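Trainee: Need the 3D shape of this:
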Amino acid sequence: MKFTPTKFQGSLAAAGMSLMPFNFLKTSGFKGGDFSLTGLSSQSFSGFENITAYILTGLMAVFIAIHIVLTLIFLKELLTWLFSTKGFGELMKNPLGNSAIFSPLISLPMSMVVLMGPLGFFFPWIGENLQSLMVLAMIFFMGLWFTVISLEVMVLKTMFQEKFDHEKLNFAWLLDILAFGAISLFGSGLATSAVNEALGSAAAFMTMFLLLVGIVAFGLKLALLFYQEIRSHEIPDTGVVPAYFLVIPPMCLLWFSFYKIMVFSGKTFGFDISAISFIVIVLAYVTTMLWLVFLLVFLKDYLRDKFLTSEFSPAQWGMV
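Mentor: Sure, this is the predicted structure:
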């Protein structure tokens, strides 16, 4: 299969699947004690809870492995594509498709989230040595930060310089917002985890900038996309329909990144964030669930008649 940056949606999906059992076990499964694989046996689980915990742990391990393998394969293909072909230049000249270039920038920061979370569950020494890795993580974050800003400027420049049919825009156009959200989540994690005050403050400031740009761009793009959808009076081609679900991931990532920055601010400046953090978390779940329910009703004909019989489309990763 010919390489395209959207392949990274597969490694991103695997990262998300590894985070789900990790977060469930951390928030609902463990009843105190060492949150790690070695600490699993010390939990006072019932028979059913014990089986469930080990099943979730197994799923976590499988999807971590899938994520790492896919990431290494796709990185090799990406480097070949960047330096041995003209694919990058051709893609950037296409205003309707150049948002695909942001796919690696969505998956790679999630690799760091997996490293600091699910992978640390199996290898506790990662968490024990996390602070010594903070400088390297910050350098990686800065590289992602400058890359996503640079690419966004290039994409905007192309939109204003190249003529294209605005009516062909679809929700896959939100991939850059998803990249802003993923990098913001990584940066906000650095800000809340770093013991070094200067490093944490720098990560928080850079993350706030990304959040501001991401939220403004998200609002503008959604408004234009809804306007185009209302004008067209029809659902897009089957291969693009799953892109409707791409509203949910950036919404979640931006909300939770904002929540983590509030946690950092409360810890640093002594603010009481209990009320506003509750509102943010509730709004995050309410808005995403409302959109999901709306899509299940709006796209019921597609899901019932075409989803299982249609050819694979990269947009389908948005559903995962």
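Trainee: mind listing the strands for the stretch 1-150 of the chain?
Mentor: Assigned strands in the stretch 1-150 of the chain: none (criterion: DSSP state E, counting those that start in this stretch).
Trainee: Low-confidence regions, it specifically.
Mentor: For the stretch 1-150 of the chain, the stretches flagged by pLDDT under 70 are 1, 29, 31-33, 44.
Trainee: For Phe218, which non-adjacent residue is spatially closest?
Mentor: The spatially closest residue to Phe218, leaving aside those adjacent along the chain, is Ile177, at 4.7 Å (Cβ to Cβ, 6 or more residues apart in numbering). For the C-beta atoms, the positions are set from N, CA and C on the backbone; glycine is no exception.
Trainee: residues near that neighbour, how many?
Mentor: Neighbours of Ile177 under the rule other Cβ atoms under 10 Å: 29.
Trainee: What of Ser84?
Mentor: A count of nearby residues for Ser84, using other Cβ under 10 Å, gives 8.
Trainee: For it, give its distance to Asn98.
Mentor: From Ser84 across to Asn98, the span is 20 Å (Cβ to Cβ, to the nearest Å).
Trainee: thinking again about what came up before, tell me how far the residue nearest to Phe218 lies from Leu211.
Mentor: Counting by Cβ to Cβ, the gap from Ile177 to Leu211 is 11 Å.
Trainee: Overlap of the contact sets of those two?
Mentor: With contacts taken as Cβ atoms under 8 Å, 6 or more residues apart in numbering, the residues that reach both Ile177 and Leu211 are Leu254.
Trainee: is it true that Met319 touches Ala243?
Mentor: No: taking Cβ atoms under 8 Å as the definition, Met319 is not a contact partner of Ala243, at 9.4 Å.
Trainee: Who has more neighbours out of those two?
Mentor: A direct count of neighbours by other Cβ under 10 Å for Met319 and Ala243 places Ala243 higher, at 23 against 16.
Trainee: From Leu12, how far off is that one?
Mentor: Distance of Ala243 to Leu12, computed by Cβ to Cβ: 15 Å.
Trainee: One more: Ala53?
Mentor: Computed as Cβ to Cβ, the Ala53 to Leu12 distance reads 26 Å.
Trainee: So between those two, which is more surrounded?
Mentor: Under the criterion of other Cβ under 10 Å, the comparison of Ala53 against Leu12 puts Leu12 first, with 27 against 19.
Trainee: Pull the contacting residues for the residue nearest to Val280 when sequence neighbours are not counted.
Mentor: In space, not counting the residues next to it along the chain, Val280 is nearest to Tyr259; the distance is 4.9 Å by Cβ to Cβ, 6+ apart. For Tyr259, the contacting residues are 277, 280-281, 284, by Cβ under 8 Å, 6+ apart.
Trainee: which residues in the stretch 1-150 of the chain form helices?
Mentor: Applying DSSP state H, counting those that start in this stretch to the stretch 1-150 of the chain gives helices spanning 8-24, 37-40, 47-84, 87-92, 103-116, 118-122, 125-128, 134-161.
Trainee: Pipe those helices into JSON lines and attach distance to Val216 per row.
Mentor: As requested, these are arranged in JSON lines below (distance: least, Cβ to Cβ, whole Å):
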{"stretch": "helix 8-24", "distance to Val216": "24"}
{"stretch": "helix 37-40", "distance to Val216": "42"}
{"stretch": "helix 47-84", "distance to Val216": "29"}
{"stretch": "helix 87-92", "distance to Val216": "22"}
{"stretch": "helix 103-116", "distance to Val216": "18"}
{"stretch": "helix 118-122", "distance to Val216": "32"}
{"stretch": "helix 125-128", "distance to Val216": "35"}
{"stretch": "helix 134-161", "distance to Val216": "12"}
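Trainee: Can you tell me which of these is nearest to Phe298?
Mentor: Of all the helices of the stretch 1-150 of the chain, the one in closest proximity to Phe298, counting by Cβ to Cβ, is helix 8-24 (22.2 Å).
Trainee: Now tell me what touches that closest one from outside.
Mentor: For helix 8-24, the external contacting residues (Cβ under 8 Å, 6+ apart) are 56-57, 59-60, 63-64, 66-67, 70-71, 74, 78, 103-104, 106-108, 110-111, 113-114, 117-118, 121, 182, 314, 317-318, 320.
Trainee: if we can go back for a sec, which of the contacts of Tyr259 are buried?
Mentor: Burial of the contacts of Tyr259 was assessed by neighbour count (16 or more other Cβ atoms under 10 Å); the buried members are 277, 284.
Trainee: any chance of the contacts of Tyr259 in CSV, plus pLDDT, distance to Ser188 and secondary structure?
Mentor: Converted to CSV, the contacts of Tyr259 look like this (pLDDT from 0 to 100; distance: Cβ to Cβ, whole Å; DSSP: H, G, I helix; E, B strand; the rest coil):
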residue, pLDDT, distance to Ser188, secondary structure
Ser277, 77, 13, helix
Val280, 79, 12, helix
Ile281, 81, 14, helix
Ala284, 81, 14, helix
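Trainee: Out of the contacts of Tyr259, flag the one nearest to Phe48.
Mentor: The nearest member of the contacts of Tyr259 to Phe48, counting by Cβ to Cβ, is Ile281 at 28.1 Å.
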